[in-house]
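sequence unknown, structure follows:
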C-alpha cells in the first residue's frame, strides 16, 4: 500500500471518530412517560416504534399513570427523576391535551445534557427552571415523523415523539437535525418557588404521595437548616412550626405541626413535618391520609408557608 493510501485510510478513520463525537447526541437510552395508562396498546406501540429505529436501544418507562391531561404532574415527574439518569438520556413525555392544535412539538436540551421530547405545553416548566435551558428546537415533522403516519393527527406520541426521541437516542440524528432552533424559552406553568422570607419558608405543593396521601412540598431540607441556623436537622426533631396552606389565596390549613425523623415520631393519626425521599419537606399523618383529611391537592396554585415559632 502506498504512503498516500495509508495516509488516506488514517485520515478517514480519524474523521469517522471525530464525526461520531461531534454528531452523536443520545446515549442509547429513551425513557417514556404519558397519561395513556396500560389498558390498551398505546405504550406498546411507542416502544415498538423506538425499537424499530434501533433494536439495541434501552427503552424504559418513567410512568404511564399521569392523570389524564394533567400537564403539571407530568412536569413534576420528569423533574423528580432526571437527576438519576445519565447525561444524554432522552425523555419522551406525552401529556398532550392539545394534540393536533398549533402548540409546538419541541426537543429541549438542558444544561445538564438531558433531552426532552414533548409538546411545549408546560411539561418542561420544572426541568427548564432547575436545570437550565441549553437550547430548544422545534421538531421538523417533514423529516422526523414515522413513515406512513402522515394522515394521523391524534397520536403524535407514537408518530412524532417516540420516533424522534428514538432517532436522537440512537444517534441516527444529531440535535441540530431535530429541526429549527427556537428562542431559548419554553411555555411555563406559574408556581410557587421555594424560598426564605424573613422568619418563614415559602413554597409550593407540586405533588401528593398517591398511596398514602402525604403532601410533598418543593422546599429543600437545606432551606430549613438555613432558616433555623442549624447544621444538622436531627437537632430540630420535635420542634414545632406553624404550617399554613392556601389555594388561590384561600386559606385551607393553619396548624402547629412538629418536625419529626419519621412517622413513628407521633401517635397514630397525628400530623408531622418530615423529610421525604427527595430530601424535601413533606406533611403526613401517621397511618392516615393528610391530603384527604385537610382537602389538599397539588399544582401551581397551591402555596405553603412554614413559620418558626
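Happy to help now that I have it. Just so you know, these numbers come straight off a predicted model, no measurement behind them.

State the helix or strand in which residue 166 lies.
Secondary-structure element containing residue 166, defined by DSSP states H and E: helix 163-169.

partner strands of the helix or strand just after that helix, parallel or antiparallel?
Elements were assigned by DSSP H and E; along the chain past helix 163-169, the next helix or strand is strand 181-182. Strands that pair with strand 181-182, judged by DSSP bridges, come out as strand 133-138 (antiparallel).

Which positions in the partner strand come out as buried?
For strand 133-138, the buried set under the neighbour-count rule, 16 or more other CB atoms under 10 Å, comprises 133, 136, 137. For every residue, glycine as well, the C-beta is placed using N, CA and C.

thinking the first one is in contact with residue 181, fair?
Same thing as residue 133. No - with contacts counted by CB atoms under 8 Å, residue 133 stays clear of residue 181, the gap being 11.8 Å.

ranges for the strands of the stretch 151-300 of the chain?
Taking DSSP state E, counting those that start in this stretch to define them, one finds strands in the stretch 151-300 of the chain at 181-182, 195-197, 200-205, 207-209, 214-220, 240-247, 250-258, 271-275, 280-285, 299-308.

which one of the ones you listed lies closest to residue 228?
Distances from residue 228 to each of the strands of the stretch 151-300 of the chain were compared using CB to CB; the shortest belongs to strand 299-308, at 6.5 Å.

For the closest one, enumerate the helices and strands it packs against.
strand 200-205, strand 214-220, helix 221-228, strand 240-247 (3 or more CB pairs under 8 Å, 6 or more residues apart in numbering; DSSP states H and E).

And the contacts of that strand?
Outside of strand 299-308, the residues within contact range by CB atoms under 8 Å, 6 or more residues apart in numbering are 72, 189-192, 199-206, 215, 217, 219, 224, 227-228, 241-248, 273, 281, 296.

Residue ranges in the stretch 101-250 of the chain under the pLDDT threshold?
Scanning the stretch 101-250 of the chain with the threshold set as pLDDT under 70 gives no residue ranges.

residues making contact with stretch 36-56?
Counting contacts by CB under 8 Å, 6+ apart, the residues touching stretch 36-56 from outside are 28, 30, 32, 34, 57, 59, 61, 64-65, 92, 94, 146, 155, 157-159, 161-163, 165-167, 169-170, 172.

Same check on stretch 284-292?
The contact list for stretch 284-292 (CB under 8 Å, 6+ apart) reads 208-209, 212-215, 263-264, 266-272, 274, 283, 293, 296-297.

for that stretch, which positions count as buried?
Of the residues in stretch 284-292, those buried under the neighbour-count criterion (16+ other CB under 10 Å) are 284, 285, 286, 289, 290, 291.

quick one: which two of those are the most distant?
In the buried residues of stretch 284-292, the most distant members under the criterion CB to CB are 286 and 291, with 14.4 Å between them.

for stretch 184-195, the distance to its chain's centre please.
Centroid separation between stretch 184-195 and its chain, computed with CA atoms, centre = their mean, to the nearest Å, is 13 Å.

An error on my part: the question was meant for stretch 151-165.
The chain centroid and the centroid of stretch 151-165 are separated by 20 Å, computed with CA atoms, centre = their mean.

and what of stretch 214-231?
Its chain's C-alpha centre and that of stretch 214-231 lie 21 Å apart, by CA atoms, centre = their mean.

list the buried ones in it?
For stretch 214-231, burial by neighbour count (16+ other CB under 10 Å) applies to 214, 215, 216, 217, 218, 219, 220, 221, 223, 224, 227, 228.

check contacts around the fourth one.
Contacts for residue 217 (CB under 8 Å, 6+ apart) come out as 194, 203, 204, 205, 206, 280, 281, 282, 283, 304.

any idea how far residue 299 is from the residue nearest to residue 252 when sequence neighbours are not counted?
Leaving aside its chain neighbours, residue 252 sits nearest to residue 245 (4.7 Å; criterion: CB to CB, 6 or more residues apart in numbering). Residue 245 sits 12 Å away from residue 299 when distances are taken as CB to CB, to the nearest Å.

Tell me the residues that contact both of those two, please.
When contacts are counted by CB under 8 Å, 6+ apart, residue 245 and residue 299 have residue 205 as shared neighbours.

Looking only at neighbour counts, state which of the two leads.
Regarding residue 245 and residue 299, a neighbour count based on other CB atoms under 10 Å identifies residue 245 as having more, with 22 against 19.

which ones are touching the more buried one?
Counting by CB under 8 Å, 6+ apart, residue 245 has contacts 205, 215, 251, 252, 253, 254, 294, 296, 302, 303, 304, 305.

who wins for neighbours among those residues?
Neighbour tally across these (other CB under 10 Å): the maximum, 28 neighbours, falls on residue 215.

Pretty sure that one sits against residue 206.
No - counting by CB under 8 Å, residue 215 stays clear of residue 206, with 10.1 Å between them.

can you list residues touching both of these two?
Taking CB under 8 Å, 6+ apart as the contact rule, residue 215 and residue 206 both touch residue 298.

No further queries at this time; thank you.
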